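Chemist: sequence below, structure please.
(one chain, ligands or ions: 2)
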Amino acid sequence: MVQQSFQLYDTTLRDGTQMAGLALTVDDKLAIARSLDALGVGFIEGGWPGAVPKDTEFFRRARTELDLRAALLTAFGATRRPDVAVSQDPQVRALLQAETPVVTLVAKSHTGHVDRALRTTLAENLAMIRSTVQHLVLAGRRVFLDAEHYFDGYVSNREYALEVVRTAAEAGAETVVLCDTNGGSLPEEVKAVVADTIAMTGAAIGIHCHDDTGCAVANTMAAVDAGAVHAQGTAHGYGERCGNANLFTVMANLVLKRGREVIPLERLVELEPTGRVIAEVTGIPRVPAAPYVGTAAFTHKAGLHASALRVDPGLYQHIDPARVGNAMRVLVSDMGGRSSVELKARELGYDVAAGSDAVGRAAARVKELESRGYSFESADASFALLLRAELAGHTPPAPFGVESWQVAVDGDGGAQASMGLRVAGTPRTATGLGREPVHALDAALHQALDPVFPALTGLRLTGHTVRELAGDRTAPPSVRVLLSFRCGDRRWGTVGVDRHATGAALTALLDAVHYVLSDAPERRRDTESLVAAPAG
Ligand SMILES: CC(=O)SCCNC(=O)CCNC(=O)[C@H](O)C(C)(C)COP(=O)(O)OP(=O)(O)OC[C@H]1O[C@@H](n2cnc3c(N)ncnc32)[C@H](O)[C@@H]1OP(=O)(O)O
Ligand SMILES: CC(=O)C(=O)O
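Modeler: Ligands and ions are numbered 1, 2, ... in the order given. The predicted structure is shown next:
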């Protein structure tokens with residue numbers, strides 16, 4: 001049963017959009033609201049109507065285009081201006097015109113801000129809070145009050161900060177949200193201030209934290225532990241400066257670590273997919289190490305970890321990733337041993353025997369190649385070819401070979417590749433044009449091979465990264481190229497290392513072709529997105 005008394009409040013569409021680099025269209029905002037609603041978030045703050053034209057339009061369209069099931073839409077705005085009748089304040093009028101069931105008002109709670117930013121008296125600030133809350137409540141709105149700079153204000157003038165909370169609550173604000181606006185507080189301070197505020201005012205208290213000390217989530221948890229019944233945050237922690245409390249982390253922590261069902265338990269599996277969808281809408285790449293929803297959140301690289309994970313995944317994971325819709329992944333690298341290879345092989349659909357010689361040889365080969373600059377973390381297809389060779393005891397004969405190649409780059413930056421190949425015993429030549437040498441080589445390979453091997457027609461190069469390797473006592477300077485591919489509905493990567501980038505790119509391209517041509521369907525599993533593919 002969902003805990004009705006706890007208010008989980010998302011401010012992605014308002015405070016989240018205060019993040020540098022984030023600019024959402026109205027359509028984007030509607031899409032994000034739908035995703036958050038489907039996840040079961042209780043309140044979605046849509047923006048500041050009357051101040052931001054796009055937000056006014058969002059609320060207008062939301063009336064007919066948003067069919068929210070779990071969430072209540074909330075309009076955000078400030079208390080009335082000083083010395084203006086509330087009924088005459090156009091911004092307050094715009095809040096009512098948004099026609100949301102809930103309005104969240106931001107108000108000053110720090111005497112220094114009342115004096116220097118608002119430039120009014122402490123009494124008039126309290127009057128602004130009282131009259132604006134009462135006006136909105138009389139108009140039938142549920143009102144939350146965001147007490148801006150509360151924690152700094154409490155240190156500076158505790159009595160006044162508490163008076164702001166009392167004034168708002170007495171005027172009819174359902175919840176008074178204590179904001180760590182500058183994000184400079186630490187968990188112990190937050191816990192003490194929240195506890196004292198509840199004790200001194202009896203108000204229902206919420207929490208809104210920023211991440212300037214890297215403690216936004218910890219501060220939010222501390223506030224809830226101290227009795228806060230409302231937590232605000234944003235998807236992926238988007239927000240002004242260092243961001244807001246990451247609502248995904250907060251909600252998973254509350255459900256899984258505190259047993260508070262702030263969203264319906266069965267929807268928690270939607271957490272990772274929701275994070276993915278919202279990142280696609282915003283266009284901001286996800287942070288791999290983000291708790292619960294990151295691609296690396298349950299990814300294991302160290303050999304000792306892999307060894308224990310084979311026995312019980314719980315030995316190196318704080319929860320079962322399936323509970324939040326994520327999955328365990330194992331990386332093969334020079335930091336792994338036989339266990340990493342064995343787990344990765346199983347993940348890729350190879351039924352390898354535990355402790356087999358082939359697994360040991362593959363682990364040794366990975367270490368040796370990585371010492372020469374290779375990296376298999378995001379090159380599943382190259383690793384699969386290596387593994388297949390070790391399982392078979394030899395490199396299987398290739399159905400074609402590249403006998404000669406060259407790439408010319410013209411002054412405009414385009415590239416032309418020409419190749420001599422032997423395909424099923426027959427000599428062939430091919431040419432290809434592309435933006436960069438790797439694209440020209442890719443085009444030439446497709447021209448030569450697609451007519452003979454139809455399986456290759458679905459192979460698409462989707463990205464590549466190039467890294468120069470300085471070299472040391474054990475290896476000369478070289479270049480590593482990581483390629484990512486889509487083939488049908490599957491995605492995977494390959495790696496090549498050579499003295500120059502074009503040679504490394506060709507090695508990685510050939511791995512991709514050999515992988516597709518030698519991929520036995522009965523051994524295949526859907527390996528979609530098992531590892532983060534190199535960025536394109
Ligand atoms: C902590 C937070 O993140 S709160 C959310 C902040 N979000 C935003 O500011 C985004 C939207 N803001 C805007 O579009 C504009 O700032 C507007 C439309 C609100 C105001 O624009 P302008 O009238 O041109 O004023 P400007 O932005 O220069 O300054 C803000 C004004 O609001 C006043 N103000 C600040 N806080 C409050 C408050 N809690 N209640 C009433 N007025 C306030 C300031 O004193 C200042 O008044 P002044 O114009 O008399 O100096
Ligand atoms: C209200 C708000 O966003 C803040 O104080 O940070």
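
Chemist: got the residues of this structure near ligand 1?
Modeler: 15, 18, 48, 51-52, 78-79, 81, 106-108, 117-118, 148, 181 (Cβ under 6 Å from any ligand atom). Placement of C-beta: from N, CA and C, glycine included.

Chemist: near ligand 2, which residues of the stretch 101-250 of the chain show up?
Modeler: Near ligand 2, when you scan the stretch 101-250 of the chain using Cβ under 6 Å from any ligand atom, you find Val106, Asp146, Glu148, Cys179, Thr181, His208, His210.

Chemist: mind running it again at 8 Å?
Modeler: 106, 146-150, 177, 179-181, 208, 210, 240, 244 (Cβ under 8 Å from any ligand atom).

Chemist: ok so, going back, from the residues of the chain next to ligand 1, pick the one nearest Ala289.
Modeler: Asp15 (22.6 Å; Cβ to Cβ).

Chemist: the closest one contacts Ala235, correct?
Modeler: No - using Cβ atoms under 8 Å as the test, Asp15 is too far from Ala235 to be in contact (11.0 Å).

Chemist: these two - which one has more neighbours?
Modeler: For Asp15 versus Ala235, the count of surrounding residues by other Cβ atoms under 10 Å is larger for Ala235: 29 against 25.

Chemist: got the contact list for the closest residue to Arg119 other than its chain neighbours?
Modeler: Spatial nearest neighbour of Arg119, excluding adjacent residues (Cβ to Cβ, 6 or more residues apart in numbering): Pro82 at 7.5 Å. Neighbouring residues of Pro82 by Cβ atoms under 8 Å, 6 or more residues apart in numbering: Leu118, Arg119, Thr120, Glu124, Asn125, Met128.

Chemist: please spell out the PyMOL selection for the buried subset of these.
Modeler: Buried residues among those (16 or more other Cβ atoms under 10 Å), as a PyMOL selection:
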select buried, resi 118+120+125+128
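
Chemist: what sits against whichever residue of the stretch 251-400 of the chain sits closest to ligand 1?
Modeler: With Cβ to the nearest ligand atom as the measure, Thr282 is the residue of the stretch 251-400 of the chain nearest to ligand 1, at 18.0 Å. Thr282 sits next to Leu22, Leu24, Asp28, Ile32, His236, Tyr238 when contact means Cβ under 8 Å, 6+ apart.

Chemist: closest one of these to Thr74?
Modeler: Ile32 (14.0 Å).

Chemist: now the strands: where do they sit in the stretch 351-500 of the chain?
Modeler: 400-409, 415-423, 426-434, 459-469, 478-487, 490-498 (DSSP state E, counting those that start in this stretch).

Chemist: would TSV of those with mean pLDDT and mean neighbour count be doable?
Modeler: What follows is the strands of the stretch 351-500 of the chain, written out as TSV (pLDDT from 0 to 100; neighbours: other Cβ atoms under 10 Å):
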stretch	mean pLDDT	mean neighbour count
strand 400-409	96	14
strand 415-423	96	18
strand 426-434	96	15
strand 459-469	97	17
strand 478-487	97	23
strand 490-498	96	24
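
Chemist: dump those strands to a markdown table, plus distance to Arg365.
Modeler: As requested, those are arranged in a markdown table below (distance: least, Cβ to Cβ, whole Å):
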| stretch | distance to Arg365 |
| --- | --- |
| strand 400-409 | 22 |
| strand 415-423 | 27 |
| strand 426-434 | 31 |
| strand 459-469 | 19 |
| strand 478-487 | 17 |
| strand 490-498 | 13 |
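
Chemist: right, and those strands - which one's nearest Arg346?
Modeler: Ranking these by proximity to Arg346 (Cβ to Cβ) places strand 490-498 first, at 16.0 Å.

Chemist: could you give the angle of that closest one to strand 478-487?
Modeler: With axes from the mean of the first three to the mean of the last three Cα atoms, to 10 degrees applied, the angle from strand 490-498 to strand 478-487 works out at 160 degrees.

Chemist: what's the following helix or strand after strand 490-498?
Modeler: Downstream of strand 490-498, the next assigned helix or strand under DSSP states H and E is helix 501-518.

Chemist: show me what counts as buried in that next one.
Modeler: Those buried within helix 501-518 under the rule 16+ other Cβ under 10 Å are 501-517.

Chemist: what do you get for stretch 142-151?
Modeler: Applying 16+ other Cβ under 10 Å to stretch 142-151 flags Arg142, Val143, Phe144, Leu145, Asp146, Ala147, Glu148, His149, Tyr150, Phe151 as buried.

Chemist: tell me the one of these nearest ligand 1?
Modeler: Among the buried residues of stretch 142-151, and counting by Cβ to the nearest ligand atom, the member closest to ligand 1 is Glu148, at 5.2 Å.

Chemist: three-state assignment of the spatially most central residue of the chain?
Modeler: The residue lying closest to the centre of the chain (Cα atoms, centre = their mean) is Arg286, at 3.2 Å. Secondary structure assignment for Arg286 (DSSP: H, G, I helix; E, B strand; the rest coil): coil.

Chemist: now swap in Val277 and tell me
Modeler: Assignment for Val277 (three-state DSSP): helix.

Chemist: mind pulling up the pLDDT for the residue nearest to it when sequence neighbours are not counted?
Modeler: What sits nearest to Val277 in space, not counting adjacent residues and going by Cβ to Cβ, 6+ apart, is Ser35, at 5.2 Å. Per-residue confidence at Ser35 stands at 98 (pLDDT).

Chemist: quickly find the element holding Ser35.
Modeler: Using DSSP H and E, Ser35 maps to helix 26-39.

Chemist: report all helices and strands that the helix or strand following that helix contacts.
Modeler: Next helix or strand after helix 26-39 toward the C-terminus (DSSP H and E): strand 43-47. Secondary-structure packing of strand 43-47 (3 or more Cβ pairs under 8 Å, 6 or more residues apart in numbering; DSSP states H and E): strand 7-10, helix 26-39, helix 53-65, strand 72-78.

Chemist: out of those, which is closest to Glu188?
Modeler: strand 7-10 (23.8 Å).

Chemist: name the strands paired with that closest one and say parallel or antiparallel.
Modeler: Here strand 7-10 has these sheet partners by DSSP bridges: strand 43-47 (parallel), strand 230-233 (parallel).
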